[in-house]
Every structure is written in C-alpha cells, then in structure tokens.
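J.: This is a predicted model, with the sequence first.
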Amino acid sequence: MDMSMTPPPDMPEGDLAFAGQIIDKAIEHMMEKRLNSLAIASALLGGAMGVLTRTLPDKLVVGILQNAIDSVESGDMRRQAGKDHAGEA
C-alpha cells in the first residue's frame, strides 16, 4: 500500500506541524526527567496506536505501520538520526 507522507486533505492545515511540536516538547520534557528512552517510545507508540485504531480502519492502520517498517528496514530513519521525526510517520 503506497501511503503518502502528506496529511490527508481533510486534516486542517497546520495540525500535523502543531501536533508534532507538542510531541517534540513532551519528549524533551521526559528526556530532561531522565525517563528511559524505551519507556518514552513505547508510551508514545501505544498512544499513537490508540488514536489510529479509534479513528481509522484497520487496513489503513496496517498500511501506516508498514510504511514505518519500510522506513526502518531501508535505513531512512537511521540516516535521519538526531532529527525530530514527530509528525512524519
């Protein structure tokens, strides 16, 4: 399934960037509190999965997850190490 990284047309302009900024700040805060990075990532992924499964059909959720898997397997995420990725996957 070819999933574009652009927001869907029904997403209000700026929502993705704004949500990404909020997530980046939350991550920064948790890192400053010295929370374990795996705990942070797991909590964020669990929260994202909850939002996705409440709002999208399962097939679309699987497509989104497959894009994330493809990005990891191809090395795209690793090449962008150090860059904030909120709102990209």
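T.: That came in fine, so what should we check first?
J.: Please tell me how far the helix or strand in which His29 is found is from the chain's geometric centre.
T.: Assessed by DSSP states H and E, His29 sits inside helix 15-32. From the chain centre to the centre of helix 15-32 is a distance of 11 Å (CA atoms, centre = their mean, to the nearest Å).
J.: same thing with stretch 71-81?
T.: Worked out by CA atoms, centre = their mean, stretch 71-81 lies 14 Å from the chain centre.
J.: Counting neighbours, which bits of that stretch end up buried?
T.: Counting neighbours by 16 or more other CB atoms under 10 Å, one finds that the buried residues in stretch 71-81 are Ser71, Met77. From N, CA and C alone the C-beta is placed, and that goes for glycine too.
J.: tell me the mean pLDDT over it?
T.: Average pLDDT, stretch 71-81: 86.
J.: Would you mind putting the CA coordinates of that stretch into PDB?
T.: Extracted C-alpha coordinates of stretch 71-81, given in PDB (Å, rounded to 0.1, in the frame of the first residue of the first chain):
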ATOM      1  CA  SER A  71      11.500   3.200   6.600                       C
ATOM      2  CA  VAL A  72      13.300   1.400   9.400                       C
ATOM      3  CA  GLU A  73      14.300  -1.500   7.100                       C
ATOM      4  CA  SER A  74      15.500   0.800   4.300                       C
ATOM      5  CA  GLY A  75      17.700   2.800   6.800                       C
ATOM      6  CA  ASP A  76      15.700   6.000   6.200                       C
ATOM      7  CA  MET A  77      15.100   6.600   9.900                       C
ATOM      8  CA  ARG A  78      18.700   5.800  10.800                       C
ATOM      9  CA  ARG A  79      20.000   8.200   8.200                       C
ATOM     10  CA  GLN A  80      17.900  11.000   9.900                       C
ATOM     11  CA  ALA A  81      19.300  10.200  13.400                       C
END
